[in-house]
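Chemist: From the sequence below, what's the structure:
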Amino acid sequence: MLRTVHARRSAFLAVALLVATAASAQEVRVVTSGGFTEAYKVLAPQFERQTKIKVVSGFGASMGATPDAIPNRLKRGEAIDVIILAAPGLDPLIKNGMVDAATRVDLVRSLIGMAVRTGAPKPDITTLEAFKRTLLQAKSIGVSDSASGVYLRMDLFPRLAIEPRKVKVIDARERVGDALARGDVEIGFQQISELRPVPGITIVGPLPQGAQQVTIFSAAIPKTAKNIDAAKRLIQFLTSPAAAPVIQEKGLEPIRPSNARSALAGAIDIHVHTEPDSRPRSVDGIEAAQQAKAHGMRALVLKNHYEYTSGLAYIVGKQVPGIEVFGGVDLNLTVGGMNPAAVEYMAATTGGRGKLVWMSTFDAENQVKFSKENRPFVSVSKNGQLLQATKDVIAAIAKHNLVLATGHVSPEEGLMLVREAKRQGVQRIVITHAMNDPIRMSVPQMQEAAKLGAFIEFVGGNITDADGKARMDRFADAIKKVGPEFCILSSDLGQKGNPLPTDGFGAFIETMKAHGFTEVQIDGMARRNPATLLGLPQS
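Modeler: Numbers count the residues shown, from 1 in each chain. This next block holds a predicted model:
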């Protein structure tokens, strides 16, 4: 009798264990931050109905000190299958090894908005000048304890000389709009998607150009996830066409999934910013190379405005075999400006990974004057003639068969550099992001540089920012007029808060495809032309 009872108990326990296991297999645990919350609350039940997978939801800020903030949850070892948060919060989690970079999927593009209490006058914020006046006149300003608030407090407000004492950080456990509706602050700022559902406030509008920061909200799978298959299915659903109408209705812009992996196979990115640096970067050199290798890329060029990257490229190449890594020197004030000795030193650095010489960027005379700054600068010319020091630098570039990159000089100076470089026998030349500030080369000037033998660089940057679509249209039109055979695509990414270099570069390539460029033309601009520039054999 006892044996029968024990047998029945064992059978019951076994069945219960199987049921529990099956139930957990059909459950996905998610924590999302505020910017995506309203869309998520609608989409999660749709996913449950469609897949029969139970969604267990949690909510927390993308960053900050509160216990519910997503980074703090992961540090405590919470079992989470999917996190959804702002890119500035996700990047450190990837860097610290808590999240696998390969699982990151950008979901939406979000704008910061300003709101006032219902019934209060709506101030003018349509221009940067009007916006600054509104901030200066406000008695109190409310911001979040997460990504948008960090940007406003640490970057924008200091830039506009807004007194810190007027700024109140709203605890992450409530929305800025709630504090605004109670009258705790006069004006408030948060992602528009977080302001929209709050009663008692009126949204004035998005921040104007020059003040706005576009935030990317991304989904990713922590390395401690228990149900990876269900996590992948949820992320796929959130990026599907079926989810787009809900996302748009909640004040966000869906991001079309990029075929970055296939787009980047064999690609070469000649413009990647990494740590170590004096400016905040999203990845270090090793991480950038690892991510590029994982996407099947052939080569990277690491760039730093203020110090040599030839030595860094040598170390990174040893740590990440299977991808070519190069560096260079940017002739800003930290290396002596137009200093041929800096070129000689770079060329002699162990490993021979130094390839590019940028003819000054952030310290270039053209950049300093464009930015209306009063500080020392590096000149390449005077009275329409190249300086002797500039010619000496070009001679050193020719001597070591290096690449001359024009940097942030003016269009006219860029053309002078190309002509002198060809006269001295320099074989490889690139016009650095020709259409970007502060260069702004015209199409005829780019055509002239191409005829002289230079490649023209077009950088994607963050294609989802406020000017992204119009910028891509301008680039595509210019490339067609100059000729894809003379052009190089690169990312110019690595800045904290922007897409990772691989993600952004892949999206840029896909966008150029969508503008009508053929696979052969894309192959030339992303693979064959940069290989020629770097002296690599055609593969």
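Chemist: May I have the residues that are in contact with residue 217?
Modeler: For residue 217, the contacting residues are 33, 35-36, 84-87, 106-108, 110, 252, by C-beta atoms under 8 Å, 6 or more residues apart in numbering. Glycine gets a C-beta too; all of them are placed from N, C-alpha and C.
Chemist: What are the boundaries of the helices in the stretch 101-250 of the chain?
Modeler: For the stretch 101-250 of the chain, helices defined by DSSP state H, counting those that start in this stretch occupy the ranges 128-137, 147-151, 157-159, 176-182, 192-195, 228-238, 244-249.
Chemist: Quickly, which of the ones you listed bottoms out on average pLDDT?
Modeler: Per-stretch mean pLDDT for those is lowest at helix 147-151 (a mean of 88).
Chemist: rewinding a little: return the most buried member of the helices of the stretch 101-250 of the chain.
Modeler: Of the helices of the stretch 101-250 of the chain, the one with the most neighbours on average (mean count of other C-beta atoms under 10 Å) is helix 147-151, at a mean of 25.
Chemist: outside of that helix, which residues touch it?
Modeler: Helix 147-151 is contacted from outside by 33, 35, 62-63, 86-89, 112, 143, 169-170, 189-191, 213, 215, 497, using C-beta under 8 Å, 6+ apart.
Chemist: rerun at 7 Å
Modeler: 62-63, 86, 88-89, 112, 143, 169, 189-191, 213, 215 (C-beta atoms under 7 Å, 6 or more residues apart in numbering).
Chemist: Check stretch 328-337 too.
Modeler: Contacts with stretch 328-337, where a contact means C-beta under 7 Å, 6+ apart, come from 301, 303-310, 338-339, 342-343, 346, 354-363, 376, 378, 393, 407.
Chemist: Buried only: go through those for me.
Modeler: 301, 303-305, 307-310, 338-339, 342-343, 346, 354-363, 378, 393, 407 (16 or more other C-beta atoms under 10 Å).
Chemist: Need phi/psi at residue 459.
Modeler: phi -110, psi 140 (degrees, to the nearest 10).
Chemist: give me the beta-bridge partners of it?
Modeler: Counting by DSSP bridges, residue 459 forms beta bridges with residue 490.
Chemist: sorry, back to before: just the contacts of stretch 328-337: which are in helices?
Modeler: Using DSSP state H, 310, 342-343, 346, 393 are the members of those that sit in helices.
Chemist: could you dump the helices of the stretch 101-250 of the chain to TSV with distance to residue 515?
Modeler: Formatted as TSV, the helices of the stretch 101-250 of the chain follow (distance: least, C-beta to C-beta, whole Å):
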stretch	distance to residue 515
helix 128-137	30
helix 147-151	30
helix 157-159	34
helix 176-182	38
helix 192-195	28
helix 228-238	26
helix 244-249	21
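Chemist: Nearest to residue 271, out of these?
Modeler: Smallest distance to residue 271 across the helices of the stretch 101-250 of the chain (C-beta to C-beta): 23.9 Å, for helix 147-151.
Chemist: surely residue 309 meets residue 315?
Modeler: No - between residue 309 and residue 315 there is no contact under C-beta atoms under 7 Å: 10.3 Å.
Chemist: now the stretch 251-400 of the chain, which segments are flagged as low pLDDT?
Modeler: Counting by pLDDT under 70, the stretch 251-400 of the chain has low-confidence residues at 256-261.
Chemist: got the residue ranges for the helices in it?
Modeler: 260-264, 285-294, 310-319, 340-348, 365-370, 388-399.
Chemist: list the buried ones in the fifth one?
Modeler: Think helix 365-370. 365-368.
Chemist: What is the burial count for the closest residue to residue 252 other than its chain neighbours?
Modeler: Distances taken as C-beta to C-beta, 6 or more residues apart in numbering put residue 108 closest to residue 252, at 4.1 Å, once the chain neighbours are dropped. Residues lying near residue 108 (other C-beta atoms under 10 Å) number 28.
Chemist: cool, the one 10 residues further on as well?
Modeler: For residue 118, the neighbour count with other C-beta under 10 Å is 11.
Chemist: can you check residue 477 too?
Modeler: Residues near residue 477, counting by other C-beta under 10 Å: 12.
Chemist: export stretch 378-385 as CSV, just CAs?
Modeler: C-alpha atoms of stretch 378-385 as CSV (Å, rounded to 0.1, in the frame of the first residue of the first chain):
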residue,chain,number,x,y,z
VAL,A,378,45.8,74.9,-37.3
SER,A,379,46.3,76.6,-40.6
VAL,A,380,47.1,74.8,-43.9
SER,A,381,47.1,77.9,-46.1
LYS,A,382,47.5,81.6,-46.1
ASN,A,383,46.4,84.1,-48.8
GLY,A,384,45.3,81.3,-51.1
GLN,A,385,48.6,79.4,-50.9
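Chemist: all numbers from here: first residue = 87
Modeler: Got it, first residue is 87 now, which makes that one stretch 464-471.
Chemist: if we can go back for a sec, can you tell me which of the contacts of helix 233-237 lies closest to residue 593?
Modeler: For those, the nearest to residue 593 is residue 301 (16.0 Å; C-beta to C-beta).
Chemist: Let me see the contact set for that closest one.
Modeler: 121, 172-173, 196, 233-234, 277.
Chemist: ok, so of those, who is nearest residue 502?
Modeler: Of the contacts of residue 301, the one sitting nearest to residue 502 (C-beta to C-beta) turns out to be residue 173, at 39.8 Å.
Chemist: what sits against the nearest residue to that closest one once chain neighbours are set aside?
Modeler: Ranked by C-beta to C-beta, 6+ apart and with sequence neighbours excluded, the top spatial neighbour of residue 173 is residue 302, at 4.3 Å. Contacts for residue 302 (C-beta under 7 Å, 6+ apart) come out as 173, 192, 195, 550, 585.
Chemist: Would you map out the domains in the chain?
Modeler: Domain assignment of the chain by automatic domain parsing yields the ranges 112-192+303-340, 198-292, 346-620.
Chemist: Tell me how far residue 142 lies from residue 279.
Modeler: Distance from residue 142 to residue 279, counting by C-beta to C-beta, to the nearest Å: 22 Å.
Chemist: let me redo that: residue 211
Modeler: For residue 211 relative to residue 279 (C-beta to C-beta), the value is 18 Å.
Chemist: Which strand residues bridge residue 277?
Modeler: Bridge pairing for residue 277 (DSSP bridges) gives the partners residue 198.
Chemist: can I assume it is in contact with residue 198?
Modeler: Yes - at 6.1 Å, residue 277 and residue 198 qualify as touching, with contact defined as C-beta under 7 Å.
Chemist: Neighbour count for these two, which is higher?
Modeler: Between residue 277 and residue 198, counted using other C-beta under 10 Å, the more crowded position is residue 277 (29 against 26).
Chemist: Alright, calling it a day.
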